[in-house]
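J.: missing the sequence, but the structure's below:
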């Protein structure tokens with residue numbers, strides 16, 4: 001039975017037998033992510049004291065301006081995972097293509113691939129708003145002993161073996177699932193250990209928060225516009241409260257604790273949506289479902305979508321189950 005005095009390391013060891021595969025490789029992988037997150041957290045906390053904030057002057061594969069911390073976090077996670085010889089491949093939102101990793105002892109013997117958004121919401125760093133890291137873990141589908149291929153990364157979210165995020169906020173938390181519920185661990189900066197602080201996290205089935213960038217209202221599908229007006233009506237337990245941070249990790253984390261729904265629909269400027277299926281939507285959908293929530297593109301389950309490209313974008317609705325159901329109802333009634 002989990003208790004709040006457990007460290008993340010102790011929790012991983014105690015629950016290893018519950019993993020679908022018990023070779024210990026997945027446990028070591030999560031430990032590596034924990035280590036890299038501590039390094040990134042240290043750098044994030046120095047923002048403003050050293051020359052680490054602001055744009056670096058380049059653009060990522062999506063054509064977005066890269067922040068200095070984007071590059072730092074990306075390098076940190078990649079190097080940590082490569083040097084610890086745990087994964088056979090990884091893909092990052094900041095990289096054009098996936099990376100093939102050779103084992104130091106024998107070529108391509110590792111079984112897992114990682115997809116990562118190294119620093120979600122990084123543009124908020126300059127104004128001291130919470131940011132985060134999102135990760136998704138799959139078992140490879142190509143034969144062990146061969147180099148990974150695109151097929152290993154283009155798996156639907158329902159094949160994930162683990163997913164999670166780190167939120168760098170007033171406290172630093174690592175929240176993750178291996179398909180047996182969602183647990184949150186808070187970093188004690190004095191000793192550098194994560195402690196179980198939020199066991200068995202659950203979305204309330206109903207919530208009173210809707211999280212959407214209403215500045216894009218005119219660009220939204222009719223179904224989303226109608227849903228927003230529904231949220232604002234004075235009837236029953238409405239109007240709901242509008243809360244939007246602009247960092248997916250932070251918005252998701254708040255809504256999971258308090259109850260709410262997050263929306264990033266498609267629009268004329270983002271005809272396929274803006275969030276990435278593999279780096280953001282799949283891992284958050286896995287967490288949501290494991291925490292009694294729901295994730296959808298407005299019509300179908302996010303984790304049933306078959307990816308067709310590494311940086312694919314999709315509309316995203318995620319949060320308390322009954323609120324996501326209501327968004328789907330509006331989309332089916334009013335559509336685009």
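T.: Cool, the structure landed. Since the model is a prediction, treat every value here as computed from it, not as a measurement. Numbers count the residues shown, from 1 in each chain.
J.: Which pLDDT value does the model give the residue nearest the centre of the chain?
T.: Centre of the chain computed as the mean C-alpha position; nearest residue by Cα atoms, centre = their mean is residue 134, 3.5 Å away. Looking at residue 134, its pLDDT reads 98.
J.: And for residue 42?
T.: We have a pLDDT of 85 for residue 42.
J.: thinking again about what came up before, if you skip the residues just before and after it, what's nearest to the residue nearest to the centre of the chain?
T.: residue 117 (4.3 Å; Cβ to Cβ, 6 or more residues apart in numbering). Backbone N, C-alpha and C define where each C-beta goes, glycine included.
J.: thinking again about what came up before, so how far is residue 159 from the residue nearest to the centre of the chain?
T.: Between residue 134 and residue 159 the distance, using Cβ to Cβ, to the nearest Å, works out to 17 Å.
J.: repeat for residue 149
T.: On the measure of Cβ to Cβ, residue 149 and residue 159 end up 15 Å apart.
J.: Also residue 148?
T.: Distance from residue 148 to residue 159, counting by Cβ to Cβ: 15 Å.
J.: Who has more neighbours out of those two?
T.: When residue 148 and residue 159 are compared for neighbours, residue 148 comes out ahead with 23 against 12, by other Cβ atoms under 10 Å.
J.: Doesn't that one lie inside a helix?
T.: No - counting by DSSP: H, G, I helix; E, B strand; the rest coil, residue 148 falls outside a helix, being coil.
J.: So what's the predicted local confidence for the closest residue to it other than its chain neighbours?
T.: The spatial neighbour of residue 148 that comes closest, neighbours along the chain excluded (Cβ to Cβ, 6+ apart), is residue 89 at 3.5 Å. Listed pLDDT for residue 89 reads 95.
J.: helix/strand/coil for residue 89?
T.: Under three-state DSSP, residue 89 falls in the strand class.
J.: same check, this time on residue 244
T.: Applying three-state DSSP: residue 244 is coil.
J.: can you pull the contacts of it?
T.: Counting by Cβ atoms under 8 Å, 6 or more residues apart in numbering, residue 244 touches 211-214, 251.
J.: Kindly report the same for residue 197.
T.: 4, 173, 184-186.
J.: Where does the residue nearest to the centre of the chain sit: helix, strand or coil?
T.: Going by three-state DSSP: residue 134 is strand.
J.: Would you mind giving the domain segments of the protein?
T.: Domain assignment for the chain, taken from automatic domain parsing, gives 8-198, 209-334.
J.: rank these by pLDDT, which is bottom?
T.: Lowest mean pLDDT within the domains of the chain: domain 8-198, at a mean of 85.
J.: Would you map the helices across the stretch 151-300 of the chain?
T.: Per DSSP state H, counting those that start in this stretch, the stretch 151-300 of the chain carries helices over the ranges 222-232, 248-258, 282-290.
J.: Distance to residue 238 for those helices - can I get that in TSV?
T.: Below are those laid out as TSV (distance: least, Cβ to Cβ, whole Å):
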stretch	distance to residue 238
helix 222-232	7
helix 248-258	16
helix 282-290	22
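J.: Comparing these, which comes out most buried?
T.: Most buried of the helices of the stretch 151-300 of the chain by mean neighbour count (mean count of other Cβ atoms under 10 Å) is helix 282-290; its value is a mean of 26.
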